[in-house]
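Engineer: Provide a 3D model corresponding to the input given below.
(2 chains)
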Amino acid sequence: MSTKAMPRWADVLLVPLLSLVIAFALSAIVILAIGEDPVEAMRLMIVGSLGSTYGWGYTLYYTTNFLLTGLAVSIAFQARLFNIGGEGQALIGGLGVALICLFIPWPHWSLAFVAAILASALFGAIWASIPAWLQAKAGSHIVITTIMFNFIAASLMNYMLSHVLRPARSMDPATARFPADLRLPRLADVLEPLGIEFSRSGPANVMLFVALAACLLGYVLLWRTRLGFEIRAFGQSEPAAHYAGISSFKIIMLAMILSGALAGMMAVNSVMGGPQRLVMNAVEGAGFIGIAVALMGRSHPIGIIAPALLFGFLFQGGSELAIETSIPREMIVIIQALVIMFTGALDNMVRRPLEVLFLMLRRRG
Amino acid sequence: MDLATLIQILESTLRLATPLLFACLAGLFSERAGIFDIGLEGKLLIGAFFSAAVAFWSGSAIVGLMAGIGASVLFALIHGVASITFRGNQLISGVAINFLAAGMTVVIAQSWFRQGGRTPALVGDARFHRLDLPFAAQVRDVPIIGPIYGQVMSGHGILVYLGLVAVPLTWWILYRTRFGLRLRAVGENPAAVDTAGVSVVRLRYAAVVITGVLCGIGGAYLSTSLAAGFVKDMSAGRGFIALAALIFAKWRPWQALGAVLLFGALEAMANQFPNVNLGFVTLPNQFMTALPYILTVIILAGFVGKAIPPRAGGAPYVKER
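Structural biologist: Reported below is the predicted structural model:
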């Protein structure tokens, strides 16, 4: 019904962009209300995150996180499963990365990299598979169980870091630093041989390419394979999928396992690519930002790339803003909330006037 | 464990269960009317901040409470507009509400007070005073009743007692009034309520506003009674524990009281003992913190009874044309 009222480009581009404009306008009002200048704030954010290769090094580092968590939420959304548990799955994924890096003497970073990707994906997938199983078998609502599993994961990590993995003489609830030769090559290491100057301090690393490849593979999976078709069919209409002989148990389990694996893989970037040790809050809310990214990208594996970059920019720009002005970092959380609200829950509010507009234009033309 | 410790744990159980109780009853009204609310956390937080901020300026905890309720109701209405008027996804709206509160409280607190996202410490009348129940001092020496009445029950802020009164009141509204009957019906079968000529939209908005009021009181309790001022993220997941308690209680008021007391006791015990030694195994503090969530998952899994939510929960109501 609603897809007929508007051309496709308006649905995938215009509606999210309009939502974004509303979210930014409201954020500007908030900035004005606390006595700061929104135009200057925007300028600082752009300079701080996109104005130098130093800024890009951080922006793309955050983007990598959001690509993976956004993709995780998207794949679950395609099966009409709302995975709020990305945060917990990424935390547990971080445990996998730490175990791989701390306890196995790797001859080369690339082997450790592959092993860390596999381990984080496995850990994340296992953590997501329990709520999935409970949804598929016991019918307990996946949203509630994944929320509960976020808290259980946080407690588990708290315990692991303060009792099990903490080095004996350290007071910090964190693991020891990983061996130095396991450091992932940063963008500067990749770009310098090509003759491109890039700041060495930004933590963006080779995981960015893995995340982009994952988006591409996600697209192929969803639109070019039988499983992807089944996932989308299940998401469109469960009874129809059932009638077509698609097992709901299989789809719920596989969609959530894929989702959890992707969320878990985020930890390779934020643990191995970032601080080089597992700290208490290694995920920094990226699991939740994945929800905003997926909503803006209309749960499309390629469509989420631009919103992931946008949130990478906001995240890095927000840190710069907090340093340069008295606007705290949490301003980004407000923008994030408004984006989720307008692209997710208030989608109809943005969409309906546009639909009316398009219908009027069509009648005239 | 000696008697003094036990009394102390029971006393703090009641204190820690109170914010959970308000949030849990708040969720009960909303979800019984068919509106899922995972934004309880955000409403507690915004309520806590505005209570503390206004209590600081006015020097009155009551004025602060009113402000906290106002802010929380405003957030509840945003949820209402999104999920009732625009028939949006209630879960996504709840997520947005939580983040909006987490961001707004810190940004505004920083702008108003410049103390890193907190309000100044509240003193004097800006906090709720402890009330001594009648005859609490006199019965103190009576065995069993004395400690329970004189120490566990007496000496809390007024909001603790308000919470305890809210439980039978909720029960009465829900099961003994026409409004309550319609509220429950609208959460099970809104079409039937509509056919009977009662407005589904108005009922659901009423439920959402009650949710806002109760969350506001819960938030005010956090910042002006349990603590002396607002600190960043002070709701600390209580909105989600309340959600867990609601499921644990299977969406019923008296059982909700039981569930929040249980979860409050777990928190009190985690505070009192870093590790619990059961003889054969030592449970770390973190296990106690995670226990409410683990128990809820077990309940949801259907291993212990079955928790069936209101049937129309989460689904926007579309009138047939």
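Engineer: how about the residues of the stretch 251-365 of chain A that lie near chain B?
Structural biologist: A:288, A:291, A:295, A:326-328, A:330-338, A:340-341, A:344-349 (CB under 8 Å from any CB of the partner chain). All C-beta atoms are positioned from the backbone trio N, CA, C, and that covers glycine.
Engineer: Of the residues you listed, just the buried ones, PyMOL syntax please.
Structural biologist: A single PyMOL command selects the buried members of these (16 or more other CB atoms under 10 Å in any protein chain shown):
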select buried, chain A and resi 288+291+295+327+328+330+331+332+333+334+335+336+337+338+340+341+344+345+346+347+348+349
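Engineer: Could you pick out the longest helix of chain B?
Structural biologist: Counting by DSSP state H, the longest helix found in chain B is helix B:3-32.
Engineer: The helix or strand following it near chain A anywhere?
Structural biologist: Counting by DSSP states H and E, the next helix or strand C-terminal to helix B:3-32 is helix B:40-58. No: Helix B:40-58 is not in contact with chain A by CB under 8 Å from any CB; minimum separation 8.7 Å.
Engineer: Only the buried residues of helix B:40-58, if you could.
Structural biologist: Judged by neighbour count using 16+ other CB under 10 Å, the buried positions of helix B:40-58 are B:40-56.
Engineer: What is the distance between that helix and the centre of its chain?
Structural biologist: The chain centre lies 14 Å from the centre of helix B:40-58; the measure is CA atoms, centre = their mean, to the nearest Å.
Engineer: Stretch A:315-328 now?
Structural biologist: With CA atoms, centre = their mean, you get 21 Å for stretch A:315-328.
Engineer: Is A:Met266 in a helix, a strand, or coil?
Structural biologist: Following DSSP: H, G, I helix; E, B strand; the rest coil, A:Met266 is assigned to helix.
Engineer: what's near enough to touch it?
Structural biologist: By CB atoms under 8 Å, 6 or more residues apart in numbering or on different chains, the residues touching A:Met266 are A:64-65, A:68-69, A:72, A:86, A:90, A:93, A:120, A:283, A:286-287.
Engineer: can you list the residues of the stretch 1-150 of chain A near chain B?
Structural biologist: For the stretch 1-150 of chain A, the contact set with chain B under CB under 8 Å from any CB comprises A:30, A:33-35, A:82, A:84, A:134, A:138-141, A:143-145, A:147-149.
Engineer: which residues of chain A fall in strands?
Structural biologist: Using DSSP state E, chain A contains no strands.
Engineer: where does it have low pLDDT?
Structural biologist: A:1-4, A:365 (pLDDT under 70).
Engineer: looking at chain B, which helix or strand is least sure?
Structural biologist: strand B:275-277 (a mean of 73; mean pLDDT, DSSP states H and E).
Engineer: Tell me which helix or strand comes right after that strand.
Structural biologist: Next helix or strand after strand B:275-277 toward the C-terminus (DSSP H and E): strand B:282-284.
Engineer: what residues does that following strand touch?
Structural biologist: A:159, A:163, B:274-277.
Engineer: Inside helices: which ones of the contacts of A:Met266?
Structural biologist: A:64-65, A:68-69, A:72, A:86, A:90, A:93, A:120, A:286-287.
Engineer: show me where the stretch 51-200 of chain B has strands.
Structural biologist: B:130-131, B:156-157 (DSSP state E, counting those that start in this stretch).
Engineer: could the ones you listed go into TSV alongside distance to chain A and mean pLDDT?
Structural biologist: Below are those laid out as TSV (distance: least, CB to the nearest CB, whole Å; pLDDT from 0 to 100):
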stretch	distance to chain A	mean pLDDT
strand B:130-131	31	83
strand B:156-157	27	88
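Engineer: would CSV of those strands with mean neighbour count be doable?
Structural biologist: Shown next, in CSV, are the strands of the stretch 51-200 of chain B (neighbours: other CB atoms under 10 Å in any protein chain shown):
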stretch, mean neighbour count
strand B:130-131, 13
strand B:156-157, 21
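Engineer: Show me the one of the ones you listed that comes nearest A:Pro173.
Structural biologist: Nearest to A:Pro173 among these is strand B:156-157 (33.5 Å), distances taken as CB to CB.
Engineer: Neighbouring strands - and their directions - for the closest one?
Structural biologist: strand B:130-131 (antiparallel) (DSSP bridges).
Engineer: Show me what the partner strand is in contact with.
Structural biologist: With CB under 8 Å, 6+ apart as the criterion, strand B:130-131 contacts B:154-158, B:161.
Engineer: Please point out which parts of stretch A:112-126 sit buried.
Structural biologist: A:112-113, A:115-117, A:119-126.
Engineer: again with stretch B:120-137
Structural biologist: Residues B:120, B:122, B:126-128, B:136 are the ones in stretch B:120-137 that count as buried (16+ other CB under 10 Å).
Engineer: Which of those sits closest to chain A?
Structural biologist: Lowest distance from chain A to these (CB to the nearest CB) belongs to B:Pro120, with 17.2 Å.
Engineer: Verify the contact between the closest one and B:Ala228 for me.
Structural biologist: No: in this structure, B:Pro120 is not within contact of B:Ala228 by CB atoms under 8 Å, at 9.5 Å.
Engineer: which regions of chain B sit below the pLDDT cut-off?
Structural biologist: B:1, B:304-306, B:320-321.
Engineer: could I get the contacts of A:Met266 as TSV with distance to B:Leu14?
Structural biologist: Output for the contacts of A:Met266, formatted as TSV (distance: CB to CB, whole Å):
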residue	distance to B:Leu14
A:Thr64	47
A:Asn65	42
A:Leu68	44
A:Thr69	40
A:Ala72	41
A:Gly86	36
A:Ala90	37
A:Gly93	39
A:Ser120	43
A:Val283	35
A:Ala286	38
A:Gly287	34
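Engineer: B:Ile38 contacts B:Val95, correct?
Structural biologist: Yes: counting by CB under 8 Å, B:Val95 is a contact partner of B:Ile38 at 6.6 Å.
Engineer: Looking at those two now, which is surrounded by more residues?
Structural biologist: Neighbour count, other CB atoms under 10 Å in any protein chain shown: between B:Ile38 and B:Val95, B:Val95 has more, with 29 against 23.
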